[in-house]
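Engineer: with the sequence up front, the predicted model follows.
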Amino acid sequence: MKKAAILGERLAGLVDAPDPQPKDDWAVVKVHAAPMCTEYKQFVGGGKTEFLGHEAVGEVVAIAQPCKVKVGDRVVVQPCYPCGKCALCIAGDYIHCQHGINVAAFTGSREGTATYAQYLIKPSWLLSPIPDGVPYDKAGLAICGLGPTCGAFEAMGLCAFDTALITGLGPVGLGGVVNSLFRGARVIAVDSAPWRIDRAKQMGAEHVLDPTDPDIVAKIKDLTDGRGVDCSLDCSGTVQAERLCLDATRRKGKVAYVGECGADFAIRISPDLIRTGITIYGSWHYNLNLYPKVMQVIQQSPVVDLLISHVLPMSKVQEAFELCTTQDRAKVILKPWE
Ligand SMILES: [Zn+2]
Ligand SMILES: [Zn+2]
């Protein structure tokens, strides 16, 4: 099979690899669409690798024994290789599993773990069925496009009574706009990149504010009768926005953090939490039991198509990566067979 690889700093191309084989209840999936995510950071950094990606959708083409899927099933491939046995996995919170499977030890090769590839392998319980009529490219939004923010809004109970603040309008933040609007909430977003601002407004965000505006907290309060927003969601992974989410949320409101960030962020327990009564959530992906709701957003949201900005053949992976380094895009989808 063909798969994509990072060959050097800002250099990507295709390489040949052996086709993965099914084993036990692990199925082989022919990848029809691989949504691109954070891998561009490695492309910029030049960390060479032949194992790229964690998002894919496709068709089951081989199984080794009766399992939860059959040949011909169209599936969303859930990320990671969790154990499937611990309390978190059984509860659907497999993304937090601490006993990830060593694929190379299990199959004898790491082959089949990349999603920027024509085939992959996955335990069948992590292959979620795609309803008839949902095209592969759109079904791919059930991973990082809509997933993390759907999980966060479900945890916060966002609904039509609420105003949501969303900071950072990359593909995940724009997915947050789609999810908020689907739940009937009013959206105030924050970003400074012109393409992203336009896209969020096209989707239906009521206001998009500039994060560098020194009066941004006061402006958000003005837009919410002086109270602050009901729910805030950071998708930027910047300390400045993490602080804004706390400062712009109303008393007894909720704040969720989705944007990855390793930097220190100072929380003052009394003024930030005890006096405000704010609840804070960390949200990585979503509980697997939420999958039908994620799929419902994909099927019914009138603006979900705006979350995909580009679809490129995997043969143009260099061009696709270069696009991903810009802010002029939403979700970019790779087609491994083109
Ligand atoms: Zn587990
Ligand atoms: Zn992702």
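Structural biologist: That came through, no problem. These numbers were taken from a predicted model, which means no experiment stands behind them. Residues are numbered from 1 along each chain as shown. Ligands and ions are numbered 1, 2, ... in the order given.
Engineer: going by C-alpha atoms from here, please, whenever you check contacts or count neighbours.
Structural biologist: OK.
Engineer: measure the residue in the stretch 51-200 of the chain that ligand 2 sits nearest to to I333 for me?
Structural biologist: Proximity of the stretch 51-200 of the chain to ligand 2 (Cα to the ion) peaks at C144, 4.4 Å away. According to Cα to Cα, to the nearest Å, C144 and I333 sit 12 Å apart.
Engineer: just checking, V294 touches T149?
Structural biologist: No. Using Cα atoms under 8 Å, V294 is not in contact with T149, being 9.9 Å away.
Engineer: how about the helices in the stretch 101-250 of the chain?
Structural biologist: 103-107, 136-139, 147-156, 171-182, 194-203, 216-222, 239-247 (DSSP state H, counting those that start in this stretch).
Engineer: what's the pLDDT at H285?
Structural biologist: pLDDT for H285: 94.
Engineer: close to ligand 2: what parts of the stretch 1-150 of the chain are there?
Structural biologist: Contact residues, the stretch 1-150 of the chain versus ligand 2 (Cα under 5 Å from the ion): 37, 144.
Engineer: tell me where the stretch 1-150 of the chain has strands.
Structural biologist: Secondary structure of the stretch 1-150 of the chain (DSSP state E, counting those that start in this stretch): strands located at 2-8, 11-16, 26-35, 56-62, 74-77, 119-123, 127-129.
Engineer: quick one on the thing from earlier: so of the helices of the stretch 101-250 of the chain, which one's packed in deepest?
Structural biologist: The highest average neighbour count among the helices of the stretch 101-250 of the chain, using mean count of other Cα atoms under 10 Å, belongs to helix 171-182 at a mean of 28.
Engineer: now do that one: distance to the chain's middle.
Structural biologist: 10 Å (Cα atoms, centre = their mean, to the nearest Å).
Engineer: and if you look at stretch 329-338?
Structural biologist: Offset of stretch 329-338 from its chain centre (Cα atoms, centre = their mean): 15 Å.
Engineer: got it, and stretch 212-228?
Structural biologist: Here the centre of stretch 212-228 is set off from its chain's centre by 28 Å, with Cα atoms, centre = their mean.
Engineer: now do stretch 115-131
Structural biologist: Distance of stretch 115-131 from the chain centroid (Cα atoms, centre = their mean) equals 16 Å.
Engineer: count the neighbours of K85 for me.
Structural biologist: Number of residues near K85 (other Cα atoms under 10 Å) recorded here: 12.
Engineer: distance check, it against ligand 1.
Structural biologist: From K85 across to ligand 1, the span is 5 Å (Cα to the ion, to the nearest Å).
Engineer: which positions in the chain make contact with ligand 1?
Structural biologist: So far as Cα under 5 Å from the ion goes, the chain lies against ligand 1 at 83-84, 86, 89, 97.
Engineer: just the buried ones out of the residues you listed, please.
Structural biologist: The neighbour count (16 or more other Cα atoms under 10 Å) marks 83-84, 89, 97 as buried among these.
Engineer: export the helices of the stretch 101-250 of the chain to JSON lines and tack on distance to L7?
Structural biologist: Below are the helices of the stretch 101-250 of the chain laid out as JSON lines (distance: least, Cα to Cα, whole Å):
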{"stretch": "helix 103-107", "distance to L7": "22"}
{"stretch": "helix 136-139", "distance to L7": "27"}
{"stretch": "helix 147-156", "distance to L7": "30"}
{"stretch": "helix 171-182", "distance to L7": "25"}
{"stretch": "helix 194-203", "distance to L7": "30"}
{"stretch": "helix 216-222", "distance to L7": "43"}
{"stretch": "helix 239-247", "distance to L7": "33"}
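Engineer: check contacts around V311.
Structural biologist: V311 makes contacts with 332-335, as judged by Cα atoms under 8 Å, 6 or more residues apart in numbering.
Engineer: okay if I get the residues you listed as CSV plus secondary structure?
Structural biologist: Listed next are the contacts of V311 as CSV, based on DSSP: H, G, I helix; E, B strand; the rest coil:
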residue, secondary structure
V332, strand
I333, strand
L334, strand
K335, strand
